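*Asks:* turn this into a structure:
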Amino acid sequence: MLYLDNLRTALIIFPILALALTVPVLIYHYHRYGALTLFRSLVIYSFIFYLLAAYCLIILPLPPQSVVAHLTTPKYNLMPLTFVREFINTTPLVLTNPHTYLATLKQAAVIQPLFNIVLTIPFGVYLRYFFKMDFKKTILLSFGLSLFFELTQLSGLYGIYPRPYRLFDVDDLLLNTTGGLIGFAVEPLLTFLLPTRTSLDESAYAHGQKVGYLRRLLALWLDYSLLAFISGLISFGWRISPLKNITIPSPVAYSVSVGLYFVLLPLLWSGQTPAKKLLNLQLISDHQSKWGLFARQFSLFFIIFPSFSLWRIALDAVVANGPTHLDRNLVLLGLTLILPVLALGNFLLSWLIRRPQLFYEKLTHTREISSLKKN
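*Replies:* Numbering: from 1, shown residues only. Next comes the predicted model:
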């Protein structure tokens, strides 16, 4: 029951951890393969859940600090094969008497070593199947995972507790490493019905030649995040410089920063920004004209995106004025709503029918393509 409680805790934590890791996982796979396929994502997130579950099984349950502070039990065992001596001394096993077998299997001297072996068998399977590790690397990584678990216990959960609340055991290092090697050995028996790692890579490369909206939106978000970071550094430097008393209007700051980053930079860098470069995306003009790229970027960042802010300003004006000039304000609100509705509707429709070229791209004869090159 204790093991089940720990697994329930892992299930509760997993969605939060998975959400936190989604962006890094997407960035890596868009950069490496150009796509994250469904089966690959299932393998990755199952591996993340396995590691989380193993970690919870090792550290939980957490005892009260006051109880740990008064513990006088040993902190570590550095004598190898202690579990063998405990098995011999504490279990009722008699090889010639089958009636002792079941009672022996229920003993802690059997359950605990078996648990430590079984714990890392999936690790060895993942290492060989998905990460394509050889025998030597599997030994090292299995030992490294076990050492991480043991040091976590020895450190009192990284200093949270005044002393270890579980034993650092050299036998656990041996058993965990053995489990990883068993997983490596039985991997062909467990994954023979699954697609090979090579076929997964080929499928990802094939999908990576197409440019989906999730990839484009992620690149846009990364670019805006980088621009916000750069702007924050410049703003901080401005406030501590002799020019701190000079106030730059927001429209001017937006025009300069966005114009340099999203308009000028792609013109000088073969249709790419830092995020597009990272995610293997590239803007191209059907007529091989930089004017087309300029028109695309200018219309997107200086007409379409600002139209959403303009509509919000008009809405605020309607709310603030109330019945005063209501008819005129409603007409203005409707006019400012045309472009945002057109842009959003075109985006949703293109997403549904899977035609990635949006209306402003058709008008400027530009496209966003994959620049991925297979390694």
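*Asks:* give me the contacts around the helix or strand encompassing residue 306.
*Replies:* With elements delineated by DSSP states H and E, residue 306 resides in helix 305-321, which encompasses its position. For helix 305-321, contacts defined as Cβ atoms under 8 Å, 6 or more residues apart in numbering pick out 326, 329-330, 332-333, 336-337, 339-340, 343. (Glycine included, C-beta is placed from N, CA and C.)
*Asks:* please apply the same query to stretch 61-72.
*Replies:* 2, 5-6, 156-157, 160-163, 165.
*Asks:* any idea how far residue 365 is from residue 357?
*Replies:* Distance from residue 357 to residue 365, counting by Cβ to Cβ, to the nearest Å: 10 Å.
*Asks:* I'd like the contacts of helix 305-321 as TSV, with secondary structure appended.
*Replies:* What follows is those, written out as TSV (DSSP: H, G, I helix; E, B strand; the rest coil):
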residue	secondary structure
326	helix
329	helix
330	helix
332	helix
333	helix
336	helix
337	helix
339	helix
340	helix
343	helix
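*Asks:* what about the nearest residue to residue 80 once chain neighbours are set aside, how many neighbours?
*Replies:* Nearest residue to residue 80 in three dimensions, chain neighbours excluded: residue 170, at 5.6 Å (Cβ to Cβ, 6 or more residues apart in numbering). Other residues near residue 170 number 15, with proximity taken as other Cβ atoms under 10 Å.
*Asks:* report the contact partners of residue 170.
*Replies:* 76-80.
*Asks:* in strands only, show me those residues.
*Replies:* Among these, the ones falling in strands (DSSP state E) are 76-77.
*Asks:* now do the contacts for residue 22.
*Replies:* Counting by Cβ under 8 Å, 6+ apart, residue 22 has no contacts.
*Asks:* make that residue 112, sorry
*Replies:* residue 83.
*Asks:* now the element after whichever helix or strand it is part of, going C-ward?
*Replies:* Per DSSP H and E, residue 112 falls inside helix 108-129. Helices and strands here follow DSSP H and E; after helix 108-129, the next one along the chain is helix 135-154.
*Asks:* quick revisit: out of the contacts of residue 170, which are buried?
*Replies:* With burial judged by 16 or more other Cβ atoms under 10 Å, the buried subset of the contacts of residue 170 is empty.
*Asks:* Serialize the contacts of residue 170 to a markdown table and add fields for pLDDT and distance to residue 66.
*Replies:* Output for the contacts of residue 170, formatted as a markdown table (pLDDT from 0 to 100; distance: Cβ to Cβ, whole Å):
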| residue | pLDDT | distance to residue 66 |
| --- | --- | --- |
| 76 | 85 | 22 |
| 77 | 87 | 25 |
| 78 | 88 | 28 |
| 79 | 88 | 30 |
| 80 | 89 | 34 |
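*Asks:* filter the contacts of stretch 61-72 to the buried ones?
*Replies:* Burial of the contacts of stretch 61-72 was assessed by neighbour count (16+ other Cβ under 10 Å); the buried members are 6, 156, 161, 165.
*Asks:* in what helix or strand does residue 283 lie?
*Replies:* strand 281-285.
*Asks:* hey, C-alpha coordinates of that strand in PDB?
*Replies:* C-alpha atoms of strand 281-285 as PDB (Å, rounded to 0.1, in the frame of the first residue of the first chain):
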ATOM      1  CA  LEU A 281      12.000  28.000 -39.700                       C
ATOM      2  CA  GLN A 282      12.600  30.500 -42.500                       C
ATOM      3  CA  LEU A 283      10.600  33.200 -44.300                       C
ATOM      4  CA  ILE A 284      10.900  33.200 -48.100                       C
ATOM      5  CA  SER A 285       9.400  35.300 -50.900                       C
END
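*Asks:* so what strands line up beside it?
*Replies:* Take DSSP bridges as the rule and strand 281-285 pairs in its sheet with strand 366-370 (antiparallel).
*Asks:* what comes up buried for the partner strand?
*Replies:* Within strand 366-370, the residues that count as buried by 16+ other Cβ under 10 Å are 366-368, 370.
*Asks:* can you name the two of those that are farthest apart?
*Replies:* Using Cβ to Cβ, the two most remote members of those are 366 and 370, lying 14.9 Å apart.
*Asks:* correct me, but residue 87 touches residue 105?
*Replies:* No - using Cβ atoms under 8 Å, residue 87 makes no contact with residue 105, being 11.4 Å away.
*Asks:* which one's more surrounded, these two?
*Replies:* residue 87 (18 against 12).
*Asks:* now do the SS call for that one.
*Replies:* With three-state DSSP as the basis, residue 87 sits in helix.
*Asks:* next, the contact list for residue 13, please.
*Replies:* By Cβ under 8 Å, 6+ apart, the contact list for residue 13 reads 52, 56.
*Asks:* now it: which helix or strand?
*Replies:* Since the elements are taken from DSSP H and E, residue 13 ends up inside helix 2-32.
*Asks:* any weak-confidence spans in the stretch 251-375 of the chain?
*Replies:* Residue ranges of the stretch 251-375 of the chain with pLDDT under 70: 318-327, 329, 375.
*Asks:* please repeat the previous calculation with a cut-off of 50.
*Replies:* The stretch 251-375 of the chain contains no residues with pLDDT under 50.
*Asks:* ok so, going back, so the helix holding residue 112 versus helix 135-154, what angle?
*Replies:* Calculated by axes from the mean of the first three to the mean of the last three Cα atoms, to 10 degrees, helix 108-129 forms an angle of 130 degrees with helix 135-154.
*Asks:* brilliant, that's me finished.
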